[in-house]
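Trainee: Pasting the sequence and the predicted coordinates here, then a few questions.
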Amino acid sequence: MEAHADLKERPIPYQIRPAFKRMFKPTQVKAIIRQVLETELKDKKYNAAGDSVNKMTRHIAFTVKQKLKVLPMDRYKIMVQVVLGENKGAGVRMGCRCFWDSQTDRLAKEEYSNDDLWAVCVAFGVYLY
């Protein structure tokens with residue numbers, strides 16, 4: 001009788017779709033991105049000299065990725081892209097192209113701006129079959 005109970009608790013080895021509770025949830029991810037952007041960029045100024053912007057974007061992307069890894073999203077590959085720019089009133093367009101499964105793969109995007117800079121952070125969650 002115990003052998004049958006043990007079989008029910010094992011995960012399915014070839015699961016094609018994630019369980020609903022384990023899916024990439026864009027609203028949850030957006031809240032995390034927003035919190036990281038606000039804490040990291042609150043009083044920052046844009047400085048193109050040197051590699052301070054490069055370091056800032058890498059640090060923000062790393063922080064977001066570490067916070068997303070804590071969420072219960074098994075078998076998801078998380079990719080984070082951060083773009084920073086000087087706030088001078090010019091418009092910016094961003095785009096991306098990906099091959100993905102529209103039922104399992106998702107993205108979350110959050111924007112931030114202050115008087116001196118703007119930032120866009122995009123987190124992609126791609127389910128690994």
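Mentor: Noted; the coordinates are in hand.

Trainee: Give the next helix or strand downstream of the helix or strand bottoming out on mean pLDDT in the chain.
Mentor: Of all helical and strand segments in the chain, the minimum by mean pLDDT, DSSP states H and E falls on helix 2-9, at a mean of 58. Remark: after helix 2-9, the chain's next helix or strand is helix 26-41, criterion DSSP states H and E.

Trainee: Which elements pack onto that next one?
Mentor: Counting contacts by 3 or more Cβ pairs under 8 Å, 6 or more residues apart in numbering; DSSP states H and E, helix 26-41 packs against helix 52-69, strand 106-113, strand 117-127. Bear in mind the C-beta positions are built from the backbone N, C-alpha and C, glycine included.

Trainee: from these, which stretch is densest packed?
Mentor: Mean neighbours per residue, mean count of other Cβ atoms under 10 Å, is largest over the helices and strands packed on helix 26-41 for strand 117-127, with a mean of 21.

Trainee: Report the inter-axis angle for that one versus helix 26-41.
Mentor: In terms of direction (axes from the mean of the first three to the mean of the last three Cα atoms, to 10 degrees), strand 117-127 departs from helix 26-41 by 140 degrees.

Trainee: Parallel or antiparallel, which strands does strand 117-127 pair with?
Mentor: Strand 117-127 has its sheet partners listed here by DSSP bridges as strand 76-86 (antiparallel), strand 106-113 (antiparallel).

Trainee: So for it, mean pLDDT?
Mentor: Mean pLDDT, computed over strand 117-127, is 95.

Trainee: contacting residues around stretch 23-33?
Mentor: Outside of stretch 23-33, the residues within contact range by Cβ atoms under 8 Å, 6 or more residues apart in numbering are 64, 67-68, 71, 73, 76, 104-110, 121, 123, 125, 127.

Trainee: pLDDT below threshold where in the protein?
Mentor: For the chain, the stretches with pLDDT under 70 are 1-13.

Trainee: repeat that for 90
Mentor: Along the chain, the model assigns pLDDT under 90 to residues 1-20, 43-44, 47-52, 74-75, 87-100, 128-129.
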